[in-house]
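Asks: show me the folded form of this:
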Amino acid sequence: MRKKIFILSSFLLLILLIYAGCSPSNNNNKSANIYLEKTWIETIDGDTIKLKNLTGKVVLLDFWATWCPPCRASIPFLVNMYNKYEKDGFIVIGVNVNENFEQMKGFLERENMTYFIGYMNKDLNNLFNITGIPTFVIFDKKGNLIKTQIGYDPSLDEKIDSIIVEELKK
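Replies: Numbering: from 1, shown residues only. Predicted coordinates:
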């Protein structure tokens, strides 16, 4: 029995490592106009956020889910970043990949997520080719995609913070 559990665990770990090693196609070569025109997010409040309406702001899209441990670990960092830089023109939009509002409601209240929360749609998935979560996608003030980060580790906080600060200065 222990051998079966070991084999199953090893197999699942192998699958996880293969999945984590996959990376999306390089989206940085798409023009800003494609992102500006095609990026729209329906929020949990029923509003629609369009990236083209956010020009002049630095935008971070966070593709996440409540069941994802690294996604949950990134929330305090994102809340802190949003609260610290919102007045300077920084926007965070959490894009939940597969849950509805009822599934997220209690989680959102517990985590005190002060930034915008929306839902994944097929256009977003096709445009950004999300292959793992969390995935951070950062846009400059002109709507150019400047950084895609798959996965989260607290060691990335300083790097992401410095990217945001640099872009806000421009």
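
Asks: give me the secondary structure label for the residue nearest in space to the middle of the chain.
Replies: For the chain, the residue nearest the mean C-alpha position is Asp62 (1.5 Å; CA atoms, centre = their mean). Secondary structure state of Asp62, per DSSP: H, G, I helix; E, B strand; the rest coil, is strand.

Asks: what is the neighbour count of the residue nearest to it when sequence neighbours are not counted?
Replies: Leaving aside its sequence neighbours, Asp62 sits nearest to Gly94 (CB to CB, 6 or more residues apart in numbering; 4.8 Å). Glycine gets a C-beta too; all of them are placed from N, C-alpha and C. Close neighbours of Gly94, defined as other CB atoms under 10 Å, add up to 28.

Asks: so who does Gly94 touch?
Replies: Applying CB atoms under 8 Å, 6 or more residues apart in numbering, we find Gly94 in contact with Asp62, Trp64, Leu78, Met113, Tyr115, Phe116, Ile117, Gly118.

Asks: columns distance to Thr55 and pLDDT on top of these, output as JSON lines?
Replies: Formatted as JSON lines, the contacts of Gly94 follow (distance: CB to CB, whole Å; pLDDT from 0 to 100):
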{"residue": "Asp62", "distance to Thr55": "20", "pLDDT": "96"}
{"residue": "Trp64", "distance to Thr55": "24", "pLDDT": "94"}
{"residue": "Leu78", "distance to Thr55": "22", "pLDDT": "97"}
{"residue": "Met113", "distance to Thr55": "24", "pLDDT": "90"}
{"residue": "Tyr115", "distance to Thr55": "19", "pLDDT": "93"}
{"residue": "Phe116", "distance to Thr55": "16", "pLDDT": "92"}
{"residue": "Ile117", "distance to Thr55": "22", "pLDDT": "92"}
{"residue": "Gly118", "distance to Thr55": "18", "pLDDT": "90"}
